[in-house]
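**Student:** Build the 3D model from these lines:
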Amino acid sequence: MIKHKQKQQNCPCDDSGFTIIESLVAIIVVAILLVAIAPAIVMSTATRVQARRVELATRAAKTYIDGVRTGVIPAPQQINPVLDPPSTTLNRNLVNTPSDYLIYTKMPVPTSASDPDLYCFTKDAIITVGVCANQDKLLGFYIQARRIVQSTTASDGYRLGIRVYRADVDFSKPLTASTSTTKNTQRTFTNGIGDRQSPLIEMTTDIASTNTSFKALCQRLGVATNKACE
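**Tutor:** Numbers count the residues shown, from 1 in each chain. Model prediction:
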């Protein structure tokens, strides 16, 4: 009887998993990708935070304006010297001399946290006079406000100038503000913590009273060249 010898089948061996070199290559590739996209992630996050900060600063300014209009917050101190009314010899209009009635030259930047025209807006939406101590860097703000008035009338309303600075502003360094030729408010697009020394927003609004008339508005805002308010 002939016995057949069974042939042993050789199964092709397929190594499973990654080798050390392949793993190192994968780690290097992932590291390169992370390095490439990290700046974009940081910039996107910083921009979102800054945009949120500007939005909250706008709300803080509007809250202050509402408080002044309703009488809950006393009117801020007026500029010095006050404006003279426009006349045939004193030209003041929106186009030629905006610094006369806006805040560019009549409202100097704060020099310390104890300036009398500074208010603290807390994270709880409470507005107080004085220093913003231990306030949230995102939710706390300094509000600078002044009345821009003209010299012939005292009870017909006024122009209210407002700047909003971050609560973490450094008063040991110079603060900045917009001028008649340069806009120096903070940008919503940033790749870092932003410029703490510049205002988040600047705005003006008119606070009317029962005695406010068109002539009163004309005297504050100005008229066409060589014209007087009538």
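
**Student:** alpha carbons only for contacts and neighbour counts from here, please
**Tutor:** OK.

**Student:** Nearest residue to the spatially most central residue of the chain in space, please, no chain neighbours.
**Tutor:** Centrality entry for the chain: nearest residue to the mean C-alpha point is Leu200, 1.7 Å, by C-alpha atoms, centre = their mean. Beyond its immediate neighbours in the sequence, the residue positioned closest to Leu200 (C-alpha to C-alpha, 6 or more residues apart in numbering) is Gln186, lying 5.1 Å away.

**Student:** State the distance from the one you found to Lys137.
**Tutor:** According to C-alpha to C-alpha, to the nearest Å, Gln186 and Lys137 sit 15 Å apart.

**Student:** got it, and Lys62?
**Tutor:** Distance check for Lys62 against Lys137: by C-alpha to C-alpha, it reads 19 Å.

**Student:** coming back round to it: who touches the residue nearest to the centre of the chain in this structure?
**Tutor:** Under the criterion of C-alpha atoms under 8 Å, 6 or more residues apart in numbering, the contact partners of Leu200 comprise 53-54, 57, 163-166, 185-187.

**Student:** Please tabulate these in a markdown table, including the columns distance to Asp84.
**Tutor:** Compiled in a markdown table, those are given as follows (distance: C-alpha to C-alpha, whole Å):
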| residue | distance to Asp84 |
| --- | --- |
| Arg53 | 37 |
| Val54 | 34 |
| Ala57 | 32 |
| Arg163 | 24 |
| Val164 | 27 |
| Tyr165 | 30 |
| Arg166 | 33 |
| Thr185 | 28 |
| Gln186 | 32 |
| Arg187 | 35 |
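
**Student:** tell me what the one helix or strand Val164 maps to is packed against?
**Tutor:** Taking DSSP states H and E as the definition, one finds Val164 inside strand 158-166. Under the contact criterion of 3 or more C-alpha pairs under 8 Å, 6 or more residues apart in numbering; DSSP states H and E, strand 158-166 touches helix 20-70, strand 141-148, strand 201-207.

**Student:** What strands flank that strand, and is each parallel or antiparallel?
**Tutor:** Paired neighbours of strand 158-166 in the sheet (DSSP bridges): strand 141-148 (antiparallel), strand 201-207 (antiparallel).

**Student:** Mind listing what's buried along the helix or strand of the chain with the lowest mean pLDDT?
**Tutor:** Within the chain, confidence by mean pLDDT, DSSP states H and E is lowest for helix 214-221 among all helices and strands, at a mean of 74. By neighbour count with 16 or more other C-alpha atoms under 10 Å, helix 214-221 contains the buried residues 216-221.

**Student:** Show the contacting residues for the residue nearest to Leu200.
**Tutor:** Taking C-alpha under 8 Å, 6+ apart as the definition, contacts of Gln186 comprise 194-195, 198-201.

**Student:** Weed out the non-buried ones from these.
**Tutor:** Applying 16+ other C-alpha under 10 Å to these, the neighbour count classes 194-195, 198-201 as buried.

**Student:** Just give me the closest of those to Pro116.
**Tutor:** Pro199 (17.4 Å; C-alpha to C-alpha).

**Student:** and the closest one, how far is that from Ala133?
**Tutor:** 19 Å.

**Student:** Same question for Cys120.
**Tutor:** For Cys120, the distance to Ala133 equals 9 Å [C-alpha to C-alpha].

**Student:** Compare neighbour counts for these two and give me the winner.
**Tutor:** Cys120 (26 against 12; other C-alpha atoms under 10 Å).

**Student:** just to revisit the earlier point, which of the strands paired with strand 158-166 is buried the deepest?
**Tutor:** Per-residue neighbour counts averaged over each of those give the maximum for strand 141-148, namely a mean of 27 (mean count of other C-alpha atoms under 10 Å).
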